[in-house]
Every structure is written in structure tokens, then in C-alpha cells.
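Undergrad: Structure for this input, please:
(2 chains)
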2 protein chains.
Amino acid sequence: MKAVIHYGVSGINGISIQNVKKDKPKPGNVQVRIKAAGLNHRDLFLMKERKEDLDKPVIPGSDGAGIVEAVGDGVQHIQVGDEVIINPTLNWMHASNVPENLEILGIPTDGTFAESAIIPAENVEKKPSFLSWEEAGVLPLAALTAFRALFTRGQVRKGEHVLIPGIGGGVATYALTMAKAIGAKVTVTSRSEEKLKHALEMGADNAIYSNSDWNKSLKGELVDLIIDSIGPAVFPKFLSVLRPGGRIVQFGRTTGDQVEISLSLFFRNQFSFLATSMGSKEEFKDMLHFIEEHRIRPVIDQVYPLDKAVQAFKRMEEGNQFGNICLKI
Amino acid sequence: MKAVIHYGVSGINGISIQNVKKDKPKPGNVQVRIKAAGLNHRDLFLMKERKEDLDKPVIPGSDGAGIVEAVGDGVQHIQVGDEVIINPTLNWMHASNVPENLEILGIPTDGTFAESAIIPAENVEKKPSFLSWEEAGVLPLAALTAFRALFTRGQVRKGEHVLIPGIGGGVATYALTMAKAIGAKVTVTSRSEEKLKHALEMGADNAIYSNSDWNKSLKGELVDLIIDSIGPAVFPKFLSVLRPGGRIVQFGRTTGDQVEISLSLFFRNQFSFLATSMGSKEEFKDMLHFIEEHRIRPVIDQVYPLDKAVQAFKRMEEGNQFGNICLKI
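TA: A predicted model of the protein is given here:
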């Protein structure tokens, strides 16, 4: 089968398209003929981290959807021919039982950027029929992360004001759409006028420049919940726009690792700082119900054939996409 | 009436016992003949912060219990002669609606260290009959703070492992007793052998030195919830003993104001950092039901007459008390 292989050089230049041997699914696993797969910053990040001499060839890719073509022993409720969507979070069943070592499909084990992938049976769910293959293929990781961030962790409620700094990435875009679906008010920030415009078209109530004075831009209105992936560069701004009792849910850190918290400021306002990553099987199923109920579709930025995986990753590296980049296989 | 007055000099030396004019309760307020009142670190802290020349004479004191001796216009459900316990948190009704400016009875407005105090009617509740006057007088602030920290914010469940650094203070002691009442496992830390022994007698499962290697002392067992008031001096230790998905609830900061958070460490473990302070009327009532159901009594360290308020505060300043210091009036 044809697969994207990462090997030899760290980063995008380590990518090649190769023919590799197709395995058979072990007990408890299923083999999925991948129809479409989605790129994530995680793939890019981990390819950069890989050591040229030490790491074995690997098939990247956490997101995907396709048709079951073989099932391993002991697998129930899933049959050859089922159309499925893949949950990339391994070994995590319930929302509150966070696993000690969160494992995600893809690097360091083989993932979805191939004509066929072997996946634990508990990690596939029925593909929502209203989604195209491309839409289902790019949905999982970002939509799951946004769902857990917004609902399980952020406990967002109708009528609340949600601030989403750095709109444009997959998770942030789902967070915008999902928050609007339940009747929250959403303000987004970006450095790009293009992205702010796009977010307004998608239903954002308010779009402000990341480097503006947020209090002024919000006309002094305080927000209830911040869903952030930027981190240190904007963190200090959060504390002046968050209402007492407000929550910060952090799912990324594109501008660094360390933030300082003033305990007295946190007490006085009884803030909550909630870190989140991916989600459980329980939340993945809830997320699929939610997007089906609210007819939420991913925003597809561009679709590339498997052979053009390098170009697809270059697009992601440039950072100009709005929504998800898809590999059609 | 006789009252503790703070004026002229910052700190304990500004305290004198004086005869002051007794006011009448305004509409919506009640006048309570105070039978007993409890000291809090808050009183000490605010007396130190007061400016000699600028601040007016004030009656300190947030905690108290007594008998209603007059009611203002418009007050329902409360009558002269009712035995009441005072909720020191002003203008906060529901747990999730954290007020913009949390106001607490006592400095800067007149509080409970007097023969009589005027209190908003919504801030008095029926005194639990199983408590003595001294017990009811010292209970409110610390028990309310512990209740909100442990249940509303920390969401503690039966069977979970709770770590309480710096046992000995009022809130920490209630947190220990309340956590044990619902069947949680509790480990406490202290620098004092005496306090560790005392905590074990009160039902702590495990008592370790604050400056020990916590991982070793806990034999590698991870905890679910940390209820802390120490802050920077122990904060870095939290991150190595907290299980993935664990919560830190912070209600104080005796060792400084700034803590550093590594976002990658927080994500990887999906920690929650939850600041808390006092509690709402709703939580005050729930707390009273809880202590009545579980027959939780405050630990009284020592009782002083009103005239000996300075000695009482000296005892608190020395930091050797275990449990609450009471003024009997």
C-alpha cells in the first residue's frame, strides 16, 4: 500500500511517499481503508522533534475516516464495510479519568496517512452520514479538543461571552462554531485582518486585533470563558478582561511555556485555570452527537492527494490556512 | 456598648477596648447581641495594612454568633430572640455568580468584636443547635471557605486522596474534617511535629513534614486534590504528587504572590488550578446542613474575654494555635 513515511531528516524534508507492506489487524483492532485524513500541527511538531539517526520510519497522521476492510479477533459491533471515523485518543474511556500517559494515534506509532491503517476497535465510531469523507477525515482531533475544552472543561453556557484568541487554527475554529451553536456570544482575536473577517462570516459576534487594547476593543465588557492556545504572549491580557469567577481553558502554547500567576489576583477574582488536551471516547461520541444535532461541518482549507503530502505540510507551516488541510486518499 | 476598636497604630498595638454608641438597625438589617466571635488571619492582616493617619476607628471581626435583639424595617423570617450564626460574605447569593467586589464583614466596616453588631438580614442563619456559642462564633469564615474549596471548587468525591499542606489553620482543619466525613483519604503536611500528631488524632490518614520529599513520604501514591493556602514555597512540589486530571484549589498564599506554571506540564497532566475565597449564601446554608449532618464541630484553640482581645491576637500572631481562637462576649 502507498503511505506517507517520515524518516531520515527531521521536519518536512523527512517525508517521502513509499509502498509499504500491509499488516493484518491483531485481536481487538480493525483495519480501515482510509478515504481522507487531516493534518494537525501535532504532526508537524513531532516530525521536527524526530532524531535523524535514532527514530524508525513512521507513518504520521492522527485524523482519518474510511471503510473497515478487516477486523481482528474479538472485535464486536464493527463489521467489514462499516463507514467509520477515527478517534485519535488511545486508551481513554471516560472524561474524568485522565490517563497517566496520554497516547495519540500517529507518531511514534503508525497513523492514518496511508491507504490503510490498523486502529484499536474502540477508537472507531460510525461516521456521521451528513459529513463528506473529506469532512469526516479532518474532523476528529480538533473537534474533540474543542468539545472537551468548551463543554467538559469550560462548562460554557448559553448567553455567556467566550473569547477565542488566535482564531484560524482547527480547534479555535470548532470552538467558535460550537459556542455559537449553543447560543454563546463569541469574540475572536487575530493578527490577520483576513482571519478576523472570516471569523465574522462564520458567526463571531466580535473580532478584534490580538495586539489591540482588549478592554477598549471589548468596550469594557468582561468575558466568562477564554479558550486559548497562544499562551505567554497574551496570557497577561486575559486577567483584565475576565469576569470574577471566569475560566481560562488552555489547550496549546504557541508562544512559550511559562506563565506567571499572581495568586492575589486569582483569589480576588476566583479564576479557574484549566489545562486540557484531546478527549475521551465518551467525549468523542458526545461530540459526534453534538455536531450531528447542530449540523457542524469542518472548514476545509485545501484538499491534497496523498502524493502531495509535502505541499500540504508546507501550507500548514506557512500558517495562512483557515480551517483544516485534508489528504484525500 | 463595649467593643474592640482598631485605630491610630497599624497592627495589634492599634487595638483598644472602648465604650461606643450603639446604633439602630437600618431597613434590611438586624442587630445581633454577639455571644461569641472568632479571630481570623484576615483581621490581623487588615489591621497591619491600616494607615495610622487616614483610617477611621473600626470594629474588626468577621465571625460571630448571637441573639437577635432588634430588626430593621422590611426584615422577614427573623425575629427578636432568634439564635443566629453570621455569614461574613456580603452581597453574594449563588455559588457561581462570584461578585465583582467581594466584601466581607469587618474591616473596613464595623464587624463582630463588640457586644452588639448590625448585620444584613440575609447574612444571618439559624444557629445549628448542636453547637455551643463558642463553636458557632468561630465557625463561619473558615468553615465556609473550606466547604467551597473542597466541594464547589474541588468537587471532592468519596475515595479520593486529598492533600492539605500546612495543617493547623482554621480552613485547613475544616477541610481535613469535611473530607474525612465524606470518605476521602487525607494526607496533611506541616513543619510542626505537634500539628502532625494532632492532625492524625483528628483522622488524617497520613501526616508528613512539609520539607520532606513528598513523593517518598507518599510512597509514590498520587493525590487527586490539593487544598492549599501556602503558595509559592510548596507550589512546585504539587506538580509531582498530583495525578493526571488532578486539581489544585488555592485559598491563601502565606509565602508569596507569584507562582510559575509550565503550560506543557499542565497540559500533559490536564491539571486544574482553581482560586477560591469565602463562599455564597447558598454555600453557607449548605455548609450548615453538612456540619449538622456530620456533627462537625470547630476545634477551639483558646477562649478569651473581649477585654483580652490583644492577647488573643498575639496568640494568633505567634502561629502556634491549632484550631480557632475565640472571643467570648
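Undergrad: Could you use CA atoms for every contact and neighbour count after this?
TA: Fine.
Undergrad: all helices for chain A, in order.
TA: A:41-49, A:133-138, A:140-147, A:170-181, A:193-201, A:214-217, A:235-241, A:263-269, A:281-293, A:309-318 (DSSP state H).
Undergrad: of all these, which lies closest to chain B?
TA: When those are compared by Cα to the nearest Cα, helix A:263-269 sits nearest chain B, at 5.0 Å.
Undergrad: Not counting sequence-adjacent ones, nearest residue to the residue nearest the centre of chain A?
TA: For chain A, the residue nearest the mean C-alpha position is A:Ala142 (1.8 Å; Cα atoms, centre = their mean). Once flanking residues are discounted, A:Ala142 sits nearest to A:Val171: 4.5 Å by Cα to Cα, 6 or more residues apart in numbering or on different chains.
Undergrad: and if you look at A:Ile107?
TA: Spatial nearest neighbour of A:Ile107, excluding adjacent residues (Cα to Cα, 6+ apart): A:Pro60 at 5.4 Å.
Undergrad: next one: A:Ala175
TA: That would be A:Ala146: by Cα to Cα, 6+ apart, it lies 5.1 Å from A:Ala175.
Undergrad: how near is that neighbour to A:Asp301?
TA: Distance from A:Ala146 to A:Asp301, counting by Cα to Cα, to the nearest Å: 18 Å.
Undergrad: Have a look at the two and say which one is more surrounded.
TA: A:Ala146 (31 against 15; other Cα atoms under 10 Å in any protein chain shown).
Undergrad: rewinding a little: what about the residue nearest to the centre of chain A, distance to A:Ser277?
TA: In this view, A:Ala142 and A:Ser277 are 10 Å apart by Cα to Cα.
Undergrad: Equivalent analysis for A:Asp43, please.
TA: Taken as Cα to Cα, the span from A:Asp43 to A:Ser277 is 15 Å.
Undergrad: between these two, which one's more packed in?
TA: Set A:Asp43 next to A:Ser277 and count neighbours by other Cα under 10 Å: A:Ser277 wins out with 22 against 19.
Undergrad: ok so, going back, what's near enough to touch the residue nearest to A:Ala175?
TA: Contacts for A:Ala146 (Cα atoms under 8 Å, 6 or more residues apart in numbering or on different chains) come out as A:Val171, A:Ala172, A:Tyr174, A:Ala175.
Undergrad: Looking at those residues, which one is closest to A:Pro236?
TA: A:Ala172 (19.4 Å; Cα to Cα).
Undergrad: Does that closest one touch A:Leu163 like I think?
TA: No - look at A:Ala172 against A:Leu163 with Cα atoms under 8 Å: they stay out of range, at 10.1 Å.
Undergrad: Name the residues contacting each of the two.
TA: Common neighbours of A:Ala172 and A:Leu163, using Cα under 8 Å, 6+ apart, are A:Ile227.
Undergrad: Would you mind telling me which of the two has more residues around it?
TA: Taking A:Ala172 and A:Leu163 together and counting by other Cα under 10 Å, A:Leu163 has the greater number of neighbours (28 against 24).
Undergrad: Need the pLDDT of the more buried one.
TA: For A:Leu163, the model assigns a pLDDT of 98.
Undergrad: Correct me if wrong: it contacts A:Glu221.
TA: No - the criterion here is Cα under 8 Å, and A:Leu163 misses it with A:Glu221 at 11.3 Å.
Undergrad: what's the residue in the stretch 51-200 of chain A that chain B sits nearest to in contact with, if anything?
TA: Closest contact between the stretch 51-200 of chain A and chain B, by Cα to the nearest Cα, is at A:Val98 (5.3 Å). Going by Cα under 8 Å, 6+ apart, A:Val98 touches A:Trp92, B:Pro244, B:Gly245, B:Asn269, B:Gln270.
Undergrad: can you check A:Leu218 too?
TA: Taking Cα under 8 Å, 6+ apart, one finds nothing in contact with A:Leu218.
Undergrad: What of A:Met287?
TA: A:Ala143, A:Leu144, A:Phe147.
Undergrad: So the second one versus A:Asn40, what's the distance?
TA: Counting by Cα to Cα, the separation of A:Leu144 from A:Asn40 is 13 Å.
Undergrad: And these two? Which one has more around it.
TA: Higher neighbour count among A:Leu144 and A:Asn40: A:Leu144, with 28 against 23, using other Cα under 10 Å.
Undergrad: Now do the contacts for the more buried one.
TA: Contact analysis of A:Leu144 by Cα under 8 Å, 6+ apart lists A:Met278, A:Gly279, A:Glu283, A:Phe284, A:Met287.
Undergrad: Regarding the second one, what are the backbone dihedral angles?
TA: Right, the one you point to is A:Gly279. Here is the backbone geometry of A:Gly279 (degrees, to the nearest 10): phi -180, psi 170.
Undergrad: hang on, isn't it packed against A:Thr145?
TA: Yes - judged on Cα under 8 Å, A:Gly279 makes contact with A:Thr145 at a distance of 6.0 Å.
Undergrad: Among these two, which residue is more densely surrounded?
TA: Per other Cα under 10 Å, whichever of A:Gly279 and A:Thr145 has more neighbours is A:Gly279, with 29 against 24.
Undergrad: contacting residues around the more buried one?
TA: By Cα under 8 Å, 6+ apart, A:Gly279 lies in contact with A:Thr89, A:Trp92, A:Ala95, A:Leu144, A:Thr145, A:Arg148.
Undergrad: Alpha carbons of stretch A:284-294, as CSV, please.
TA: Provided in CSV are the C-alpha atoms of stretch A:284-294 (Å, rounded to 0.1, in the frame of the first residue of the first chain):
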residue,chain,number,x,y,z
PHE,A,284,-15.7,11.8,21.2
LYS,A,285,-19.1,10.1,21.0
ASP,A,286,-20.8,13.1,22.6
MET,A,287,-19.0,15.4,20.2
LEU,A,288,-20.3,13.4,17.2
HIS,A,289,-23.9,13.6,18.5
PHE,A,290,-23.4,17.4,19.0
ILE,A,291,-22.1,18.1,15.5
GLU,A,292,-24.8,15.9,14.0
GLU,A,293,-27.5,17.7,16.0
HIS,A,294,-26.2,21.2,15.1
